[in-house]
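Visitor: generate coordinates for the sequence data below:
(2 chains)
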Amino acid sequence: MQAASGKKRKSVSYSHWGYIFIAPFFITFLIFQLYPIFFTFRTSLTDAVTWQKILNNKIIGFENFRQLFDPSSLVYGMFWGSLKNTIIIWFFNFVPQLGLALILASWFTDARMRLKAQGFFKVTIFMPNIITAATIGMLFMSLFAYPMGPVNTFMQTSGIGNMPIEYFRSVAWARGLISFIQWWMWCGNTMIIMIAGISGINPSLFEAALVDGCSSRQTFWKITLPLIKPILVYNLITSLVGGLTMFDIPHMMTQGQPDNTTNTVARFIYTQGFTGSNNFNMASAASVVLFGIIIIGSLLIRFLLNDREPRPVKLHREEKK
Amino acid sequence: MKKVLALVLAAMMLVGCMSFASADGEKIKLVVWSFTNELQGMIEKYYLPNHPELEIEFQIYPTDGHAYQDKVDNLLGSNATSDEAPDIFTLEAAFVKHYVEMDWTGDLKSIGFTDEELSTAFPVMAQIGQNAAGVQKGLSWQSTPGVLMYRASLAEKYLGITSPEEFQAKVADWDAFLETAEELKEKSEGACKMVTGSGDIWNAYQYQRSEGWVVDGKLVIDDELLDYEELCKTLEQDDLSQKGGAWQEIWFAGMRGENETLCYFLPTWGLHYTLKPNCVAGWDAENPDSEENIKNATENGTYGDWRLVDGPVAYSWGGTWMGINAAKAATADDAKKAAMHDLIYNFSLNEDWLVQYAKDSGDFVGSAKAVETILANGGTPNPFLGGQDHYAIFANAAALANGSLMSEYDSDINDLWDKYVTQPYTKGEKGLDECLQDFKDQVKATITTITVE
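Guide: Numbers count the residues shown, from 1 in each chain, chains lettered A, B, ... in the order given. So this is what the prediction gives:
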């Protein structure tokens, strides 16, 4: 008996302190996130239309979901159309954003280039991210105003165009401007994360590459890129989540116009829930579907891009004899 | 722990004593909610000094987004009789109809208003403060009739018109309005436009309808609205408007005289708070009446160049109403009911006070009788309008505008109408039938509580 207990590893557990330290977050999370999420799931199954029914409603099953997936219903076209818009706008924002962020990040971290005034460039590129999206939306709305606004006036006085262009009635311009703003705002942020990722790579790898006579291009493709893959995956997933829930810029700038081509899923949910008769049930159902789409998208990215990471090893403190 | 408990108990006792003290003073306590400090300022300046028996607690929640409505919905919907719930609350034009249709907004007759008193309000403001069954639930201290404002110098230069009466004949209805726009284009060789854009006309034109958006729970598209679309399309396609919208740069540029725009459709507040401060670049908002400012505005801007006429239709745009909390009014004793009645009466219908207030502030007040008195006392000649009396023109519009067209769905449906019909149709992107179908689909999908055929 004694021998057996002497062999048994004894360990002092500090884990309960961990739980205490994370408790404030989890309590807030339970009240302000998890409960609302369950409330949304529940509301999506009810007939909660108007404020009066938000608490006194009855469960009617999957009727709201049926409408979202039934091509003959009115909301079908509106919902899936808005998803299509969201994906188009997100794609034209994300591809150039990631591309440019990667190029900038590899330049800023390249030992051979030794760029001067790096801090200045980093701050300048990051700057748009500090301003709130609503302000930027208003700014671009007045910049591209029709028939009289800074851009139109400039085009006419400089002789580039002779007629004012109504930018927000053109599908390409409206979508393009939203993509551009998203790109411009988030490029600096992505770049900083990339720089952090690249800085985390062991410099001896770059030195070895240099000694072996790698060109900058080879170093980038063969060393930098594979080693920052986890950061890329993180970036793709956060950008996907942010992109699919895009709301403020289209809402401020175009209100989903022209002809609903810049109406995003989040705007569809907003118009259902917070305008008209307040169709909280339909808004919740659409949110649940969007939730599903985001989860599937994120998992897809993870499985396609991620190498399996080694499992973290559980460490025990050995008791000193 | 004990210390904390003792402190809490002591604090509670103190609060308890204080509330007893105020009950002993036998003051009548009213809770007033609003979204600006305008009413609070008026009550503190004019009313409280003469009513020492009142104790008024003000709560101001700005209307940012939905903040004010959320507060009201939350408290009146769940806990309407609590101490913090308002006895009296103010309602803005954008959501007044929503609240007068609600049961929790009380009938003003329940606190002692009589038909005789109510009849002295301008009909348009009274109608907007009524629910569909005609129960009066809101009253306003101002009324906000709208008129057509035009630039006399441009009218004289291109149309040879020298008096507002002549100009009124040119814009007596929408057909005449369009003819004048075409004449203006021809004579000015396209330099001068009739109006900034379709959005500018809408606030007036919607009063041309014979029925509102929703009748007996069904969506109604009045025939006048189709005429509105044709008018807007002609204005847009034939280059008769600036093709801009209200509140945009080009709209303000026309006010400053930087482009030649003849007409603006604006209500009472639009004259004082929009047109006047924007009549010149560099308007001195600190000293608007200083000689220098007026000289600058006259020489470099459009000060003194504006005239008012009735225009094609009498309309109203904006306003603030006072409503009462039905649950608290029902449990109030007679003294409190009388106090609530007296306060609302004073600020909406009390002729003596309104005449005084109009003199002090220049506001256009809500009682027809008070306006009559002001006009009888010589009116209000306005140098900004070249000496024309704005009160006389506004009084006319206030008496004629039909407030019964307004409904609780207006802000949503107006928005959808502009987005899905006016914009694509007038810019020639889609045919009218297609636009109307889009519009109906959108109304059906967003407002599921009404029927759309």
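Visitor: residues touching the helix or strand that contains A:Leu225, excluding its own?
Guide: Here A:Leu225 sits within helix A:225-227, counting by DSSP states H and E. Outside helix A:225-227, the residues that touch it by Cβ atoms under 8 Å, 6 or more residues apart in numbering or on different chains are A:197, A:201, A:205, A:232. Quick note: C-beta positions are derived from backbone N, CA and C, even for glycine.
Visitor: out of those, which are buried?
Guide: The neighbour-count test (16 or more other Cβ atoms under 10 Å in any protein chain shown) marks A:197, A:232 as buried among the contacts of helix A:225-227.
Visitor: identify the farthest-apart pair in the contacts of helix A:225-227.
Guide: A:Leu205 and A:Leu232 (17.5 Å; Cβ to Cβ).
Visitor: let me see the contact set for the closest residue to chain B within the stretch 51-200 of chain A.
Guide: Relative to chain B, the nearest point of the stretch 51-200 of chain A is A:Met148 (4.1 Å; Cβ to the nearest Cβ). By Cβ under 8 Å, 6+ apart, the contact set of A:Met148 is A:164, B:244, B:248-250, B:253.
Visitor: so which of these is the most crowded?
Guide: B:Gly244 (28 neighbours; other Cβ atoms under 10 Å in any protein chain shown).
Visitor: element containing it?
Guide: Applying DSSP H and E as the criterion places B:Gly244 outside every helix and strand.
Visitor: and it, how close does it get to chain A?
Guide: 6 Å (Cβ to the nearest Cβ, to the nearest Å).
Visitor: name the nearest residue to that residue, ignoring sequence neighbours.
Guide: In space, and not counting its chain neighbours, B:Gly244 is closest to B:Ile250: 3.6 Å by Cβ to Cβ, 6 or more residues apart in numbering or on different chains.
Visitor: with B:Asn382 instead?
Guide: Using Cβ to Cβ, 6+ apart, the closest residue to B:Asn382 is B:His390 (5.2 Å).
Visitor: I figured the one you found hits B:Pro383, correct?
Guide: No. With contact defined as Cβ atoms under 8 Å, B:His390 and B:Pro383 do not form a contacting pair (11.0 Å).
Visitor: between the two, which is the more surrounded one?
Guide: Taking neighbours as other Cβ under 10 Å, B:His390 and B:Pro383 compare with B:His390 leading, 23 against 12.
Visitor: which ones are touching the more buried one?
Guide: B:268, B:271, B:308, B:364, B:380, B:382.
Visitor: so which of these belong to strands?
Guide: Using DSSP state E, B:308, B:382 are the members of these that sit in strands.
Visitor: so who does the residue in the stretch 251-400 of chain B positioned nearest to chain A touch?
Guide: Residue nearest to chain A within the stretch 251-400 of chain B: B:Ala253 (6.4 Å; Cβ to the nearest Cβ). By Cβ under 8 Å, 6+ apart, the residues touching B:Ala253 are A:148, B:259.
Visitor: the one 4 residues further on too?
Guide: When the contact criterion is Cβ under 8 Å, 6+ apart, the partners of B:Gly257 are B:151, B:279, B:301-302, B:305.
Visitor: cool, and A:Trp51?
Guide: A:278, B:73, B:77 are the contacts of A:Trp51 under Cβ under 8 Å, 6+ apart.
Visitor: run a quick neighbour tally on B:Ser216.
Guide: Quick fix: residue B:216 reads Asp, not Ser. Using other Cβ under 10 Å, the number of residues around B:Asp216 comes to 8.
Visitor: near chain A, which residues of the stretch 151-300 of chain B?
Guide: Proximity of the stretch 151-300 of chain B to chain A (Cβ under 8 Å from any Cβ of the partner chain) is limited to residues B:242-244, B:248-250, B:253.
Visitor: how many neighbouring residues does B:Cys192 have?
Guide: Residues lying near B:Cys192 (other Cβ under 10 Å) number 20.
Visitor: what's the burial count for the closest residue to it other than its chain neighbours?
Guide: Computed as Cβ to Cβ, 6+ apart, the closest residue to B:Cys192 that is not its neighbour in sequence is B:Glu260, at 3.9 Å. Applying other Cβ under 10 Å, we find 18 residues neighbouring B:Glu260.
Visitor: correct me, but B:Glu260 touches B:Gly190?
Guide: No. The criterion here is Cβ under 8 Å, and B:Glu260 misses it with B:Gly190 at 10.0 Å.
Visitor: mind listing what A:Ser142 touches?
Guide: Taking Cβ under 8 Å, 6+ apart as the test, what A:Ser142 contacts is A:149-150, B:249.
Visitor: where's it relative to B:His272, distance?
Guide: Per Cβ to Cβ, to the nearest Å, A:Ser142 is found 25 Å from B:His272.
Visitor: go on, B:Gln142?
Guide: 11 Å.
Visitor: looking at those two, which is more packed in?
Guide: Applying other Cβ under 10 Å to B:Gln142 and B:His272 shows that B:Gln142 carries more neighbours, namely 25 against 18.
Visitor: next one: B:Gly138 relative to B:Asn377, how far apart?
Guide: Between B:Gly138 and B:Asn377 the distance is 29 Å, computed by Cβ to Cβ.
Visitor: and these two? Which one has more around it.
Guide: Neighbour totals were compared for B:Gly138 and B:Asn377, and B:Gly138 leads with 27 against 10 (other Cβ under 10 Å).
Visitor: find me whatever residue is spatially closest to A:Cys187, sequence neighbours aside.
Guide: A:Gln97 (5.1 Å).
Visitor: per-residue pLDDT, that neighbour?
Guide: Looking at A:Gln97, its pLDDT stands at 92.
Visitor: pretty sure it contacts A:Gly188?
Guide: No. In this structure A:Gln97 lies outside contact range of A:Gly188 using Cβ under 8 Å: 9.8 Å.
Visitor: which phi and psi does residue 195 have?
Guide: All of this refers to chain A. phi -60, psi -40 (degrees, to the nearest 10).
Visitor: if you could check chain B rather than the one you did, that'd help
Guide: phi -150, psi 160.
Visitor: report the beta-bridge partners for it.
Guide: The partner list for B:Val195 in beta bridges (DSSP bridges) reads B:Ser241.
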